[in-house]
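Participant: Turn this into a model:
(2 chains)
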Amino acid sequence: MESFILWIMAILLAPFFSGVILKVKAFFGGKKGPPVLINYYTLIKLFQKGSVYSTSTTVVFKLGPVVSLCAAVIALMFLPIAGRQPLLSFNGDVIFVLYLLGLGRFFTIAAAMDTASPFEGMGAAREAYFPIICEATMFMILVLFVKLTGSLSLSAYFAGSSPMEIWHAAGPQMVFVIIALFIVLLTENARVPVDDPATHLELTMIHEVMVLDHSGPDFALIELGAFYKLFFYATMVAGLVFPFDLGSPIAGFGLFWLSLLIIYKVVGVTESVMARYRMDLVPKFILTSFALAFFAAIITLEFIQ
Amino acid sequence: MDLFFLSLVIIILGGALPLSIGRRFAAMKTAAVAGIGAGCLLGCIDSGFKLSQTARFSASFDYLKTFSLLFQMDSLSAFFLVIIFAISFVATVYSYHYMNSPGKSFRTSVNYFFFSLLIVSMALVVTAGNMIAFMLSWEIMSLSSFFLVIYNYQTAENRRAGYLYLVFSHIGAMSILTAFGILYGYTGSFGFAGAGSITDTGKILIFIFAFIGFGSKAGVFPFHVWLPHAHPAAPSHISAVMSGVMIKVGVYGILRIYSILHFHTPLFGEMVLIAGMVSGILGVVYALGQSDLKRLLAYSSVENIGIILIGIGIGMIGVSSNQPVMAVLGFAGGLLHVMNHSLFKSLLFLGAGIVLQKTGTRSIEALGGLFKNMKISGATFLIGSLAICGLPPFNGFVGEFLIYLGGFKGVSLEKTSFALSLLGIVSLAVIGGLSLACFSRVVGIVFQGEPRSPAAVGRDEKGPTMLISMLVPAAFCILIGVFPQVFIRSAVKAVSSLELGYGRIPLEPFMEMTGNITRAAMLFLAVLFLVLALRTFLYRNKPVSRSGTWGCGFTQPTVKMQYTGSSYAASILDFFRPVAPRLEDHPLIRGRFPQKTHYRSSIHDIAELHMGNLIIRPILFLFERLHWIQHGDIHLYIGYILLAIIVLLFFV
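Facilitator: Below is the predicted model:
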């Protein structure tokens, strides 16, 4: 029941947190910025509209937003929120979740290719490229976690006292892992310095350019999916950065939402102080995450026998 | 075994009958499809029943009064037999509307004859119980498939492909024969039974030669060079069988040799795993670089053989380091991927076949927008693509999931095994990502967007047998993805006949896994249904209109502006430039009024690129030196024979 309530809270609050990023960026830009609840207003506005479909598109175009949202929603079901047991869990659920997010990506790409637009094709090509390295990083991190905990499910890494135990077993490597995971977060969620959702030039975008032709409720579903995906990765990072198990549930709750807020703010700060990389430098940036995760795993091999 | 041989006889009859009615096209096709199809169906059902039992079946015949041909069927053979018969059945049904040129009636009947021979010989290879039976069936398999490859022999390219295939299959057969020769040298019998008791050096030698031989049939890098040439040359339903089934016979050979040698050294596992990783990653990188649809699928077979070998390698490492769970997971995952790949690869080749037949081109750069008029082909091709990327809830995920679980078991091991498991896991992840890029490219360029050339405009999909035979494997892709229980159980059963020394493998842990996969897949379908319902609700009474694609302010877009297949893959291939060099042909633009120009690019396979310099040239040089032996004088040749006999008399 508790897990269900937490899942509902995640579903409801994810757009709010994404709004925080906008606020932070506005602060750095010396602007007042949109209200924190801007994402809810946008969603409601989009839900009330109709859609215009390109004559080039087929049914795949309509499936794209649906499948990517599904993948993100299910990912949240397997994610331990606030250190509590997740709604669902089984041995190997991490692999299922990562591949499910891959399914969402396939359909986003397919929907983009459906429009016959050169811009969307360009975005799709990049969306197909960069996550390959992210996946390698994620599985490298998984190898490390399996080595440390002996188990292959998200709840074994992020629920209860497990984050703390992982820290005790392999503290120094965790710093590497957190940075690597943060880079994956930035890449998978189309954030600066990999992608810039705020630019006015379609040529330089990845994710936003792929959804140029979506409108109305379809676009709202895409936005929702993006919020949940970001929430998924941010919660994992938060769980590792603040591994403390405070004992009382209330304090744990407070700490979790606070830490999540901090992670989102850090994303906002990163976006404000960094420029987007040139496209050919992006793979090198993501490879850094792989190298860090790789070192973490290798070091662990030496210390844990 | 009676039913098994009966089904083989029916298949042969179905293949031979058309030769006598060669000129009447429709009757000939009906006879062939009915005969071969009925035989395959009978064989499939029979081996399916045998797979569910534990007994071994055997039958032996005398050959030339000297050798005995022994055929045995255990659960490993039965597992492969089910795949062979099932995919051949689908391909046979497909061929009815695919082989549609009455002008080539006789050639088509010859094609059916060799097709039936291929099916029968594959079935005999996986049941062969001694060396003679094995090599005999193996050679029939190679030769019959050679004649299938050169069906369109008028084009020089196809003849070259056929020649390359013939050379490679004979080098492979030679290597297998060497392995068998060494084995015979130790045991002195044609049976496989005594192989467990020979020396370790002998076992290692046998395994290495057998691995090269079987690997060249399976398409393991760098012995895969024939594969991307031969598969596109053959008619599509033949490519489906060759890519989906025949190369798996090579995998069967590796497994069988491993099983009879009974030698659990870590070396074998390391070798197979590394070969798997290299084939997997390079296969998909080259696939990404192809613009010929069938060549792309052929390279993707190299990739999937890589995944299968990663599974088997993890299994072997599990055996050598006493990790039964890891071993069974690796082998079962590899075997399940054998089954899965045969389903989705044949589906994709059949899909490519219908595209080729309707548009007349294999170049993906000339296609586009086919989904609008080819709904069934497009949908089944999409399902096949999702499955081959290993995405849930399709069958590809189930096999890879088991391999992952096996690999993660290996993470708790010591140094070398840990490092290899780690590399295996990461390369599986990278292969997954790359194949997603590769197949989103194929679907996106071929079936979506707008037609890139007149060839792709307004194509329909007529030919009911073609559509049905694509729907069946597509349905199985989803069925295995959601309810893998029966299939995992039979894969585990096949593993138990590898004689790893575990006795009866308990099924409970695997049933728990399948339960999880089923629940997760059902969860996905439920959420998908809910979100679709939500979407329908949101679009109630909303204005929906159609208009052109948003051109970012540009008002005169043409279909030529679409992203092409090569530009889609370009940046990924740049990353792999050292192993996938790109050759470009692009004359510089000169002058104020430039002439018409062009741009051509192709991705080269380093194995093929270096094969000429490193292997063929030295061999040619050597043979050039030995040229004086070949004198052309018949007396001299008779002298050679006499000399050889005299020398043999002294030494033997």
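
Participant: Next up, phi/psi of B:S121, please.
Facilitator: Note on B:S121: its backbone torsions stand at phi -70, psi -40 [degrees, to the nearest 10].

Participant: Might you report the residue contacts of it?
Facilitator: For B:S121, the contact set (Cβ atoms under 8 Å, 6 or more residues apart in numbering or on different chains) comprises B:137-138, B:140-141, B:144. Where C-beta positions appear, they are placed from N, C-alpha and C, glycine not excepted.

Participant: The same query, at a cut-off of 10 Å, please.
Facilitator: The contact partners of B:S121, taken as Cβ atoms under 10 Å, 6 or more residues apart in numbering or on different chains, are B:8, B:136-145, B:246, B:249.

Participant: quick one: which two of these are the most distant?
Facilitator: B:L8 and B:S142 (18.1 Å; Cβ to Cβ).

Participant: Past the helix or strand hosting A:F145, which element shows up next along the chain?
Facilitator: Using DSSP states H and E, A:F145 sits within helix A:118-149. Using DSSP H and E, the helix or strand that follows helix A:118-149 towards the C-terminus is helix A:154-158.

Participant: Looking at chain B, what residue ends up closest to chain A?
Facilitator: Nearest residue of chain B to chain A, counting by Cβ to the nearest Cβ: B:Y563, 2.4 Å away.

Participant: That residue and B:H598: what is the separation?
Facilitator: 19 Å (Cβ to Cβ, to the nearest Å).

Participant: Next one, pLDDT for B:L434 please.
Facilitator: If you check B:L434, the pLDDT there is 96.

Participant: gap between it and A:C134?
Facilitator: Distance from B:L434 to A:C134, by Cβ to Cβ: 13 Å.

Participant: which neighbours do these two share?
Facilitator: With Cβ under 10 Å, 6+ apart, B:L434 and A:C134 have no common neighbours.

Participant: Any regions of the chain where pLDDT drops low?
Facilitator: Let's take chain A. A:200-203, A:302-305 (pLDDT under 70).

Participant: my bad, chain B
Facilitator: Scanning chain B for pLDDT under 70 picks out the ranges B:22.

Participant: Check it and tell me which residue is nearest its centre.
Facilitator: B:S243 (3.4 Å; Cα atoms, centre = their mean).

Participant: who's in contact with B:G188?
Facilitator: B:G194.

Participant: For the residue in chain A that chain B sits nearest to, which residues are in contact?
Facilitator: Going by Cβ to the nearest Cβ, chain B is nearest to A:G121 of chain A, at 2.4 Å. Going by Cβ under 10 Å, 6+ apart, A:G121 touches A:109, A:112-113, A:115, A:209-210, B:441, B:444-445, B:448-449, B:561-564, B:567-568.

Participant: again, but for A:M164
Facilitator: The neighbours of A:M164, taking Cβ under 10 Å, 6+ apart as the test, are A:83, A:243-245.

Participant: how near is A:S18 to A:I11?
Facilitator: A:S18 is 13 Å from A:I11, by Cβ to Cβ.

Participant: Counting neighbours around each, name which of these two comes out higher.
Facilitator: A:S18 (23 against 17; other Cβ atoms under 10 Å in any protein chain shown).
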